[in-house]
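everything below, folded, please.
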Amino acid sequence: MPVLNRIADYAEEMKGWRRHLHAHPELKFDCHQTAAFIMDRLREIGVDEIHPGIATTGIVAIINGQGDGPTIGLRADMDALPITEITGAAHASTVPGKMHACGHDGHVTMLLGAAKYLCETRRFAGRVALIFQPAEEDGGGGEVMVKEGMMDRFGIAQVYGIHNAPNVAFGHFYTTPGPLMAAVDTATVVITGKGGHGATPHDCVDPVVAVVGMVSAVQTIIPRNVYALDEAVISVTQIHTGSASNIIPEEAMFCATIRSFKPDVRHLLKRRFHEIVEGHATAYGVTAAIDYDWGYPATVNHPAETDFAAAVARDVVGEASVDARANREMGSEDFAYMLEARPGAYLFLGTGPGAGLHHAAFDFNDEAAPIGASFFARLVERAQPLT
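This is a model prediction of the structure:
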């Protein structure tokens, strides 16, 4: 079946919601205005319960179906990014240095659209828990909501989420069972030597030479320590040192993003990173302070729930527009914490040509919102049918 007709009727209203959210972005856990807007819409829609203040500004709203049954969780993230928007759109960000460059405004809109339909029809058993989560981009709001007891408090039995995918065919869903997105860790290394005049390096302990050696050496971890079929990435993204052409600095630093799928590979990468940096520090006569930040875990879909979600997607967009065995990605997502706590699945929804995620020219394609809302609605009706 195509987009649900009733949800198609909401398209203009959903566009208005999304563009309001786009114009008023907020970061991390500081999503107070966003949460207030969402709660106003939920009251208008007629949900049965609204529970704010989870993970500071997160919300869980409950819609009761007809009769007893389990509770299914549907999640949308709602935070923005610290980017200055360049779209020039009439609904562009009104907050300098902040914008919805990842489509979380669209994710909220899809979930609100599904909520409106489910409140009107209630053709399902049990309950729906609508999860509006802050701090996906930075801060791990998903982890905080789980640690604050959300799953047990609301009796959530399974959980699902969607992310928009620009430059993927419009209306095309893709996902895969097992690892879908990578774990992400961040290593920051501060190297301290002995500064001095560039003309007398023998009187110095040069951190510049050390940082160059370390950066080159850590690039050998993937090809020489990780099995070739276990995907992993180490990307050094920052090197900072020095202030003048004739001064050997006291310090240098570098930063790397480190991504993997398997826990044993993740631990291997951390161990080898420390061994290489510490060994080079000894060799170069410098000290190296390593801050290895253990970030989001891999986003691991549960096989049965992934196959079920793909079947629902086929109901909405057709067999040819769903890839249920797609390649996994090196991006990361804190929905991983929810999938660690409960079975479920995460999917991507193509939104057609446009600027990529986290780009200053990005803008969510409003035409995709009814598709995502229809997916969420059908997911509930099929997962918890009336008998």
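
please export the C-alpha coordinates of stretch 145-155 as CSV.
The C-alpha trace of stretch 145-155 is given here as CSV (Å, rounded to 0.1, in the frame of the first residue of the first chain):
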residue,chain,number,x,y,z
MET,A,145,17.1,8.1,28.6
VAL,A,146,17.8,4.4,28.9
LYS,A,147,19.8,4.9,32.1
GLU,A,148,17.0,6.9,33.6
GLY,A,149,14.8,3.8,33.2
MET,A,150,12.7,4.7,30.2
MET,A,151,12.3,1.2,28.9
ASP,A,152,11.1,-0.3,32.2
ARG,A,153,9.1,2.7,33.3
PHE,A,154,6.9,2.6,30.2
GLY,A,155,7.1,-1.2,29.6
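
neighbouring contacts of it?
Residues outside stretch 145-155 that contact it (Cβ atoms under 8 Å, 6 or more residues apart in numbering) are 51, 54-55, 58, 60, 62, 70-71, 73, 127, 129, 131, 133, 156, 159, 337-338, 340-342. For every residue, glycine as well, the C-beta is placed using N, CA and C.

if you set the cut-off to 7 Å instead, what comes out?
Applying Cβ atoms under 7 Å, 6 or more residues apart in numbering, the contact partners of stretch 145-155 are 54, 55, 58, 60, 62, 71, 129, 133, 337, 338, 341, 342.

let's see if you can find the most crowded of those residues.
When these are compared by neighbour count (other Cβ atoms under 10 Å), residue 133 ends up highest, at 31 neighbours.

which phi and psi values does it adopt?
Main-chain dihedrals, residue 133, degrees, to the nearest 10: phi -110, psi 130.

that one and residue 143 touch, don't they?
No - between residue 133 and residue 143 there is no contact under Cβ atoms under 7 Å: 10.0 Å.

what sits against the nearest residue to residue 231 once chain neighbours are set aside?
Excluding the flanking residues, the one nearest residue 231 by Cβ to Cβ, 6 or more residues apart in numbering is residue 261, at 6.1 Å. Neighbour list for residue 261: 179, 182, 183, 231, 298, 328 [criterion: Cβ under 7 Å, 6+ apart].

what about residue 382, is that helix, strand or coil?
Following DSSP: H, G, I helix; E, B strand; the rest coil, the label given to residue 382 is helix.

so who does the residue nearest to it when sequence neighbours are not counted touch?
Spatial nearest neighbour of residue 382, excluding adjacent residues (Cβ to Cβ, 6+ apart): residue 312 at 5.6 Å. For residue 312, the contacting residues are 375, 378, 379, 382, by Cβ under 7 Å, 6+ apart.

where do the helices sit along the stretch 151-300 of the chain?
Under the criterion DSSP state H, counting those that start in this stretch, the stretch 151-300 of the chain contains helices at 207-218, 221-225, 263-284.

and among those helices, the most buried is which?
Compared across the helices of the stretch 151-300 of the chain, helix 207-218 shows the largest average neighbour count, a mean of 21 (mean count of other Cβ atoms under 10 Å).

now do that one against helix 263-284, angle only.
With axes from the mean of the first three to the mean of the last three Cα atoms, to 10 degrees applied, the angle from helix 207-218 to helix 263-284 works out at 150 degrees.

can you give the contact residues for stretch 111-119?
Counting by Cβ under 7 Å, 6+ apart, 4, 6-7, 10, 14, 17, 41-42, 45-47, 63, 74, 76, 128, 130, 369-370, 373, 376-377, 380 sit against stretch 111-119.

write the ChimeraX selection for whichever of those residues are buried.
In ChimeraX, this line selects whichever of those come out buried by 16 or more other Cβ atoms under 10 Å:
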select :4,6,7,10,14,17,41,42,45,47,63,74,76,128,130,369,370,373,376,377,380
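
so who does residue 169 touch?
residue 350.

what about it, distance to residue 327?
15 Å (Cβ to Cβ, to the nearest Å).

hang on, the earlier thing: could you dump the helices of the stretch 151-300 of the chain to JSON lines with distance to residue 33 and mean pLDDT?
JSON lines is the format used below for the helices of the stretch 151-300 of the chain (distance: least, Cβ to Cβ, whole Å; pLDDT from 0 to 100):
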{"stretch": "helix 207-218", "distance to residue 33": "42", "mean pLDDT": "98"}
{"stretch": "helix 221-225", "distance to residue 33": "43", "mean pLDDT": "97"}
{"stretch": "helix 263-284", "distance to residue 33": "37", "mean pLDDT": "98"}
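
what stretches of the protein score poorly on pLDDT?
1 (pLDDT under 70).

quick one: the strands in the stretch 201-350 of the chain?
232-241, 247-248, 251-260, 287-294, 299-301, 322-323, 344-350 (DSSP state E, counting those that start in this stretch).

what would those look like in JSON lines with distance to residue 280 and mean neighbour count?
Output for the strands of the stretch 201-350 of the chain, formatted as JSON lines (distance: least, Cβ to Cβ, whole Å; neighbours: other Cβ atoms under 10 Å):
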{"stretch": "strand 232-241", "distance to residue 280": "14", "mean neighbour count": "15"}
{"stretch": "strand 247-248", "distance to residue 280": "18", "mean neighbour count": "18"}
{"stretch": "strand 251-260", "distance to residue 280": "12", "mean neighbour count": "21"}
{"stretch": "strand 287-294", "distance to residue 280": "8", "mean neighbour count": "14"}
{"stretch": "strand 299-301", "distance to residue 280": "33", "mean neighbour count": "24"}
{"stretch": "strand 322-323", "distance to residue 280": "43", "mean neighbour count": "20"}
{"stretch": "strand 344-350", "distance to residue 280": "39", "mean neighbour count": "25"}
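
cheers, nothing more for now.
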